[in-house]
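Colleague: Mind looking at a prediction? Sequence and model below.
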Amino acid sequence: LRELYPTDIRIAVIEARIRKVAPKDAYRYIHTPQRKHLHNWNVIASCGEVLRDQAGLGTADFHDRHLERQLLNFTSDGMYVDPNVPMVYDAFPRFFLETILQQGYHGKHRDAINVLLERGELMSLLMQSPTGVLPTGGRTKQHTWGDIQQVIIFEIAARRFASRGDYVYAKAFKRGAHLAFASTLRWLRPSGEFQIIKNHVQPEHRHGYEPYSHHSQYNLLPATMLALAADFADESIDEGPTPCEAGSYTLDIPAFHKVISNHHGTGIVIDTKADTRYDGTGLLRVHQAGGDPILGPNDVPPADDYPMNIGVAWREFTGGDWVHLASHGQHTDIVTKLAASDGTDGTRNVTMIYSIPSSGHTITERYDLSLTGVDVSISVDGDVHALTLTYPCHISDGKLYPQILVEGTMLQTSIDGTMRTFSVTSPSAGPLTFQGEKVAYRNGFVQCVTSTISGRTIQYSISDGNLSAPVGFGIARGLGHVSKNV
């Protein structure tokens with residue numbers, strides 16, 4: 001305003017009012033003897049105080065004290081740990097901190113923040129799905145702005161790495177930003193704003209909303225993120241291969257009870273000990289570059305309501321209750337172990353072992369990620385009479401209804417030219433059967449499909465049957481050169 005209206009007398013009135021703001025009265029979440037743990041709201045407040053200080057309308061006392069406390073909320077990998085560790089609120093506070101550094105913050109914590117942000121940028125790039133979206137899980141999952149915050153973080157990171165001549169990383173971040181932005185375009189409404197949740201149910205129904213989710217503020221937020229991303233972007237940086245397209249690796253993220261593995265355009269997300277109010281323990285997602293992320297499967301309903309992960313349940317005797325791995329979350333005694341390696345056949349192998357001391361059961365899941373999908377083998381040790389395999393079949397996003405074909409132990413879903421195939425490959429497995437009614441979840445509606453087998457082991461595969469093997473670093477798998485399309 002000062003620059004736009006340098007002689008307007010109202011500027012002085014506005015400045016006087018901003019100077020009167022008392023942080024201890026204005027902000028709900030501040031450090032006190034009673035409240036020692038601070039979460040993301042306080043990061044936003046502190047960043048606002050940095051800008052007020054830079055404008056000469058405040059002091060450094062508040063942000064110096066609180067940013068020092070906020071440093072304790074970061075892992076050594078640069079990820080921000082919000083209460084109950086929702087994935088979207090790892091990147092959210094980092095977006096605000098990235099912004100104040102771009103705006104010239106040179107306070108006492110700049111160097112420490114800068115190191116953590118660079119580590120967080122690299123983690124975000126490694127965690128990105130081959131379809132460009134953020135990892136799912138926890139509170140506020142499947143909100144469109146969650147994917148959009150990757151755009152600004154990656155644009156800033158591209159500039160960071162380019163400034164020191166590291167163009168391999170700079171180009172990877174540039175493409176990561178473009179992938180993230182391209183993934184959100186399907187959620188644009190005819191009126192120009194976004195569906196704030198990744199479905200096409202009309203906003204007045206608040207389908208998949210959190211109590212604090214509103215069509216207004218959760219469109220203003222991504223609009224701000226995109227405007228800043230455009231402002232900070234360096235368009236002289238070209239795209240290069242991203243890790244999720246070109247790499248083969250597995251991330252163990254115990255602070256967030258997640259395992260993420262990407263293999264040349266095929267990616268999975270596993271929850272090792274879920275917050276069952278939002279998710280379930282086990283496999284949450286399978287994505288492939290060029291495929292439809294919503295067919296995924298992309299997400300699951302809360303296991304407290306509908307245990308419907310891509311995984312197993314068992315019963316100990318005929319007619320007994322089914323016990324779902326998905327329901328063994330943070331309130332249980334489940335313990336997990338991870339092993340991962342490169343296979344000799346060009347696959348990526350991930351083995352998860354879940355131990356449940358209270359019942360004496362051990363569940364072993366082996367995932368073999370290939371260029372065309374993932375093959376999975378599951379065994380359950382302990383008192384087991386039979387297994388049932390559950391699969392969350394996406395029914396509708398509120399507007400689009402995929403074609404669904406079931407033949408014996410094979411299920412195919414297709415929409416807009418993209419096909420997803422789920423096959424139970426154990427010879428003695430029973431036919432796939434739809435169970436119950438459709439269930440509302442973040443992406444629209446889902447219905448549980450099951451196959452039952454006597455014994456302790458079951459195998460299945462998930463693939464996109466219409467995708468070709470990648471050429472180069474995966475761009476030939478349907479996305480093209482994203483910067484030419486956006």
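Modeller: Everything's here; your move.

Colleague: which residue is nearest the centroid of this structure?
Modeller: Of all residues in the chain, the one closest to the mean position by C-alpha atoms, centre = their mean is residue 135, 1.8 Å from it.

Colleague: Please look at that residue and residue 260 and confirm they touch.
Modeller: Yes - with contact defined as C-beta atoms under 8 Å, residue 135 reaches residue 260; the gap is 6.1 Å. No exception for glycine: its C-beta is placed from N, CA and C like everyone else's.

Colleague: Who are the contact partners of the closest residue to residue 441 other than its chain neighbours?
Modeller: Excluding the flanking residues, the one nearest residue 441 by C-beta to C-beta, 6 or more residues apart in numbering is residue 301, at 4.4 Å. Neighbouring residues of residue 301 by C-beta atoms under 8 Å, 6 or more residues apart in numbering: 280, 308, 392, 439, 440, 441, 446.

Colleague: hmm, try it at 10 Å
Modeller: 278-280, 307-309, 326, 392, 439-442, 446, 448 (C-beta atoms under 10 Å, 6 or more residues apart in numbering).

Colleague: Need the pLDDT of residue 474.
Modeller: pLDDT, residue 474: 35.

Colleague: got it, and residue 371?
Modeller: On the pLDDT scale, residue 371 gets 95.

Colleague: And what about it, helix, strand or coil?
Modeller: For residue 371, the assignment made with DSSP: H, G, I helix; E, B strand; the rest coil gives coil.

Colleague: quick one, phi/psi of it?
Modeller: phi -70, psi -20 (degrees, to the nearest 10).

Colleague: Against residue 265, how distant is the residue nearest to the centre of the chain?
Modeller: Residue 135 sits 16 Å away from residue 265, going by C-beta to C-beta, to the nearest Å.

Colleague: Skip ahead from the top helix by length along the chain and say which helix or strand is next.
Modeller: The residue-count maximum for a helix in the chain (DSSP state H) belongs to helix 144-163. Per DSSP states H and E, the first helix or strand lying C-terminal to helix 144-163 is helix 167-184.

Colleague: Report the angle between that next one and helix 144-163.
Modeller: 160 degrees (axes from the mean of the first three to the mean of the last three C-alpha atoms, to 10 degrees).

Colleague: list the helices and strands helix 167-184 packs on?
Modeller: In terms of contacts (3 or more C-beta pairs under 10 Å, 6 or more residues apart in numbering; DSSP states H and E), helix 167-184 is packed against helix 110-127, helix 144-163, helix 217-232, helix 243-246, helix 482-485.

Colleague: Turn the ones you listed into a markdown table, including mean neighbour count.
Modeller: Formatted as a markdown table, these follow (neighbours: other C-beta atoms under 10 Å):
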| stretch | mean neighbour count |
| --- | --- |
| helix 110-127 | 19 |
| helix 144-163 | 24 |
| helix 217-232 | 17 |
| helix 243-246 | 24 |
| helix 482-485 | 14 |
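
Colleague: rank these by mean pLDDT and give me the bottom one.
Modeller: Among the helices and strands packed on helix 167-184, helix 482-485 carries the lowest mean pLDDT, at a mean of 34.

Colleague: tell me, how many neighbours does residue 376 end up with?
Modeller: 23 (other C-beta atoms under 10 Å).

Colleague: Roughly how far does the residue nearest to residue 441 sit from residue 326?
Modeller: 10 Å.

Colleague: Can you list phi and psi of the residue nearest to residue 322 when sequence neighbours are not counted for me?
Modeller: What sits nearest to residue 322 in space, not counting adjacent residues and going by C-beta to C-beta, 6+ apart, is residue 313, at 4.1 Å. Torsion angles at residue 313 (phi, psi; degrees, to the nearest 10) stand at phi -130, psi 160.

Colleague: show me the residues around residue 313 that make contact.
Modeller: 307, 321-327, 380, 386-390, 450, 452.

Colleague: And the strands in the stretch 201-350 of the chain, which stretches?
Modeller: 248-253, 258-263, 266-271, 282-288, 311-315, 323-324, 335-342, 348-356 (DSSP state E, counting those that start in this stretch).

Colleague: among those strands, which is nearest residue 182?
Modeller: Ranking the strands of the stretch 201-350 of the chain by proximity to residue 182 (C-beta to C-beta) places strand 282-288 first, at 13.9 Å.

Colleague: follow-up on the earlier one: any of the contacts of residue 313 buried? List them.
Modeller: Among the contacts of residue 313, those scoring as buried are 307, 322-327, 380, 386-390, 450, 452 (criterion: 16 or more other C-beta atoms under 10 Å).

Colleague: Alright, calling it a day.
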